[in-house]
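J.: Take this sequence and fold it.
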Amino acid sequence: MIKKYFRIFTTIFIITLGTVLGASILAGAVVAPTIFHSELFVGSELLSRFQEGLLMTHVFELLAYGVNFLVVIAILYEVVKFKAFESSKWSLGLTFLVVASGLLFSSYYIPQILEMQLAGEAVTSGHIFENVHKASELDFKLFSFSTLGLLILTLRKVLR
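T.: Next comes the predicted model:
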């Protein structure tokens with residue numbers, strides 16, 4: 001009976017990993033270039049760089065809900081596996097990276113970028129904003145790659 005519930009939980013975990021990873025790739029590889037280069041598709045510049053940034057921040061704000069959900073599911077899944085003596089160093093490490101980078105993204109970078117945007121366009125064109133933005137991009141890439149690694153590791157274990 002417990003194995004049946006663990007199998008269901010594993011399925012939910014795999015679906016969550018895949019969904020959040022897919023949304024992350026979509027946001028970074030499709031939505032961001034489209035928003036920041038909208039003049040290529042529309043023919044003229046409609047929005048300022050600041051306005052485009054506001055739109056992109058809103059997309060990542062919404063994505064943060066999925067990231068936080070994945071963080072909770074990943075912690076629960078790893079705790080269950082750990083208690084059943086089924087954890088490995090790799091799954092613990094990747095889960096730590098997913099949790100740490102996910103929480104850093106949703107609880108630190110998004111609020112800090114929102115606060116800077118509220119201060120106005122002058123603040124977002126400065127070096128401090130640029131550094132925060134680059135750090136958030138690196139963190140999000142770490143989150144995405146660790147999510148991919150955890151997905152591959154979990155799928156390998158399930159498909160054996």
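J.: Helices of this structure, start to end?
T.: Taking DSSP state H as the test, the helices found in the chain are 2-26, 32-36, 38-42, 49-83, 89-104, 110-119, 121-124, 127-158.
J.: could the ones you listed go into a markdown table alongside mean neighbour count?
T.: Placement of C-beta: from N, CA and C, glycine included. Below are those laid out as a markdown table (neighbours: other Cβ atoms under 10 Å):
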| stretch | mean neighbour count |
| --- | --- |
| helix 2-26 | 15 |
| helix 32-36 | 15 |
| helix 38-42 | 11 |
| helix 49-83 | 17 |
| helix 89-104 | 18 |
| helix 110-119 | 15 |
| helix 121-124 | 14 |
| helix 127-158 | 16 |
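J.: Switch those over to TSV; also include mean pLDDT.
T.: Below are the helices of the chain laid out as TSV (pLDDT from 0 to 100):
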stretch	mean pLDDT
helix 2-26	95
helix 32-36	93
helix 38-42	85
helix 49-83	96
helix 89-104	98
helix 110-119	95
helix 121-124	89
helix 127-158	96
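J.: Please tell me how far the residue nearest to the spatial centre of the chain sits from Thr124.
T.: By Cα atoms, centre = their mean, the chain has its centre lying nearest to Val67, at 5.0 Å. Note on Val67: its distance to Thr124, by Cβ to Cβ, to the nearest Å, is 23 Å.
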